[in-house]
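*Asks:* quick one: sequence and predicted model below, then my questions.
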Amino acid sequence: MDFRLEVVIVPVSDVDKALSFYHDRLGWRLDADFAVTDGYRIVQVTPAGSPASVIFGDGVSAATPGSVGGLLLVVDDIRAAREELLARGVEVSEVFHDESGVFTRPGTVGRVAGPGAQGSSYTSHATFGDPDGNQWVLQEVTTRLPGR
């Protein structure tokens, strides 16, 4: 049995502001925008090249807006991805790696400036947030681990 992650729900306080950020600023594809009833609106967007989408809206999450962290976006070139986000007016951190050389932790704990050792896959990161503070992590992957 395959279990495919296809949608992540992100809690936001202002649907139109979030839509402007994800669709207009980031350039993510708008898949759906349904105003079902008063207080219930569903918006779905998809990052370029991603099989998974993001849903936000009114009445779609009980989580506090801005409370989601560690949402991971895999990119082929961390520096190019960072430059693209900056060109789109998005505040994005400098490229960093975790002192453990493994994965990035919440906040700035263990961050070391610059890409991971020898630019190896999975070790270079940058972060940005949406208008509510939901945190996204860019992770550079150039060579997949076996079985992926």
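*Replies:* Received, thanks.
*Asks:* in which helix or strand does the residue nearest to Asp76 when sequence neighbours are not counted reside?
*Replies:* Spatial nearest neighbour of Asp76, chain neighbours left out: Thr142 (6.3 Å); criterion: C-beta to C-beta, 6 or more residues apart in numbering. The way it works is simple: take the backbone N, C-alpha and C, and place the C-beta from them, glycine included. Under DSSP states H and E, no helix or strand contains Thr142.
*Asks:* do I have it right that Thr142 meets Val75?
*Replies:* No: using C-beta atoms under 8 Å, Thr142 is not in contact with Val75; the gap is 9.6 Å.
*Asks:* which one of these two has more residues nearby?
*Replies:* Val75 (21 against 13; other C-beta atoms under 10 Å).
*Asks:* now the more buried one: how far from Ile42?
*Replies:* Distance of Val75 to Ile42, computed by C-beta to C-beta, to the nearest Å: 27 Å.
*Asks:* where in the protein is pLDDT low?
*Replies:* For the chain, applying pLDDT under 70 flags the ranges 119, 148.
*Asks:* for it, which strand is longest?
*Replies:* Selection of the longest strand in the chain by residue count, based on DSSP state E, yields strand 29-37.
*Asks:* for it, which helices and strands make contact with it?
*Replies:* For strand 29-37, the packing partners by 3 or more C-beta pairs under 8 Å, 6 or more residues apart in numbering; DSSP states H and E come out as strand 40-46.
*Asks:* try 10 Å this time
*Replies:* Contacts defined by 3 or more C-beta pairs under 10 Å, 6 or more residues apart in numbering; DSSP states H and E place strand 29-37 against helix 15-19, strand 40-46, strand 53-58.
*Asks:* what's that strand in contact with?
*Replies:* With contact meaning C-beta atoms under 10 Å, 6 or more residues apart in numbering, strand 29-37 is reached by 7, 15, 19, 22-24, 40-48, 50, 53-55, 57-60.
*Asks:* now do 6 Å
*Replies:* The contact list for strand 29-37 (C-beta atoms under 6 Å, 6 or more residues apart in numbering) reads 23, 41-46.
*Asks:* quick one, strands of this structure?
*Replies:* When assigned using DSSP E, the strands of the chain occupy the ranges 7-9, 29-37, 40-46, 53-58, 71-75, 96-98, 111-113, 125-129, 135-140.
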